[in-house]
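Novice: Fold the following.
(one chain, ligands or ions: 2)
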Amino acid sequence: MSSIELRAVEKWFGDVQVIKGVDLAIEEGEFVIFVGPSGCGKSTLLRTIAGLEECSRGEILIEGKNVASEPPAARGLAMVFQSYALYPHMNVRDNMGFGLKTAGKPKAEIEAKVNEAAAALKLEAYLDRRPKELSGGQRQRVAIGRSIVRDPTAFLFDEPLSNLDASLRVEMRYEIAKLHRELATTMIYVTHDQVEAMTLADRIVVLRDGIIEQVGTPRMLYERPDNLFVAQFIGSPK
Ligand code: ADP
Ligand code: MG
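Specialist: Ligands and ions are numbered 1, 2, ... in the order given. This is a model prediction of the structure:
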């Protein structure tokens, strides 16, 4: 059974069709990257999977169950936002437990979950620190920690590194790769940066104007692009 499966997914904004029938099966633990030019529908597809946009047609299966009509909170997915907006006045422990606290979970359960997440993320030594006392990579881990306490099926990222300068971007790319190896959780990651896609992905989904042009490993897309668009986008000669 796939972790996440899309069947003939369409998204319409009024009478404009932005996602034009997408089929895709993502395995548990896979790192899948959506790439494609600006405006091709990457964010819309990710937001539709997350439930932040209504799915106009088709099915979205998460661990075998069609969630296309379910609200975001019922889907068990964690959307990690670009800015990692952590609460500056709270330490790492409280930042990570905040969602559970708001959901009214008992103190002992929050503490156990936060400790477990901190261990998985190697943040145990930083639980009493404020966000400003952490490196960029650690802050990103705290942001992910806030979701891990809810045991998500997958993490969804929309261009998490696009606002960073070039050297920090390379460092954070390395951090994300490491995190994926450690957690082995399914990740869907959107970027328009070919290098990011080639270095991070188990499989790349090349989108163009709301349809999938090709899906494959970075190597496969590089060596055997199906068409000129994929070849030009991935940067190999054909
Ligand atoms: P990408 O993330 O690949 O740059 P988007 O998914 O943001 O592309 O956008 C795909 C297309 O859908 C664009 O033409 C965009 O203008 C349109 N679009 C996105 N969101 C909305 C919306 N809420 N209402 C109408 N059109 C939208
Ligand atoms: Mg986008």
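Novice: Can you report the mean pLDDT over the residues of the biggest helix by length in the chain?
Specialist: The single longest helix within the chain, with elements called by DSSP state H, is helix 166-183. Mean pLDDT, taken over the full extent of helix 166-183, equals 87.
Novice: mind listing the helices for the protein?
Specialist: Taking DSSP H, the helices of the chain run over residues 42-50, 92-102, 107-120, 136-148, 166-183, 194-200, 218-223, 228-234.
Novice: quick one, which of those helices is nearest to ligand 1?
Specialist: helix 42-50 (3.2 Å; Cβ to the nearest ligand atom). All C-beta atoms are positioned from the backbone trio N, CA, C, and that covers glycine.
Novice: Quick one: mean pLDDT over the closest one.
Specialist: On average, the pLDDT along helix 42-50 is 97.
Novice: Residues of the protein that sit close to ligand 1?
Specialist: Residues of the chain found near ligand 1 (Cβ under 6 Å from any ligand atom) are Phe13, Val18, Gly36, Ser38, Gly39, Cys40, Gly41, Lys42, Ser43, Thr44.
Novice: now, which of these sits nearest Ala177?
Specialist: Using Cβ to Cβ, Lys42 comes nearest to Ala177 of these, at 19.9 Å.
Novice: need the contact list for Glu27.
Specialist: Contact partners of Glu27, counting by Cβ atoms under 8 Å, 6 or more residues apart in numbering, are Ser2, Ser3, Thr186.
Novice: Give the burial count for the residue nearest to Ile33 when sequence neighbours are not counted, as a bare number.
Specialist: On the basis of Cβ to Cβ, 6 or more residues apart in numbering, the spatially nearest residue to Ile33 that is not a chain neighbour turns out to be Ala201, at 4.0 Å. Applying the criterion other Cβ atoms under 10 Å, we find 23 residues in the vicinity of Ala201.
Novice: quick one: Ala201 from Ile176, how far?
Specialist: When Cβ to Cβ, to the nearest Å is applied, the distance between Ala201 and Ile176 equals 11 Å.
Novice: what does Lys132 give?
Specialist: When distances are taken as Cβ to Cβ, Lys132 and Ile176 turn out to be 22 Å apart.
Novice: what's the answer for Ile19, then?
Specialist: Distance from Ile19 to Ile176, counting by Cβ to Cβ: 25 Å.
Novice: who has more neighbours, those two?
Specialist: Neighbour comparison, Ile19 and Ile176: the larger count goes to Ile19, with 27 against 23 (by other Cβ under 10 Å).
Novice: Just list the residues touching the residue most central in space within the chain, thanks.
Specialist: When the chain is reduced to its mean C-alpha position, the closest residue under Cα atoms, centre = their mean turns out to be Leu156, at 2.0 Å. Leu156 sits next to Leu46, Ile49, Ala50, Leu77, Ala78, Met79, Val80, Met187, Ile188, Tyr189 when contact means Cβ under 8 Å, 6+ apart.
Novice: Settle this for me: the fourth one is touching Phe157, isn't it.
Specialist: No: when contacts are counted by Cβ atoms under 8 Å, Leu77 is not listed as touching Phe157 (11.2 Å).
Novice: more crowded one of those two?
Specialist: Leu77 (24 against 21).
Novice: Would you mind giving me the confidence score for that one?
Specialist: We have a pLDDT of 94 for Leu77.
Novice: same deal with Phe81?
Specialist: Looking at Phe81, its pLDDT stands at 69.
Novice: Adding distance to Gly58, write the helices of the chain out as TSV.
Specialist: Supplementary listing: the helices of the chain in TSV, determined by distance: least, Cβ to Cβ, whole Å:
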stretch	distance to Gly58
helix 42-50	9
helix 92-102	30
helix 107-120	33
helix 136-148	26
helix 166-183	27
helix 194-200	24
helix 218-223	24
helix 228-234	23
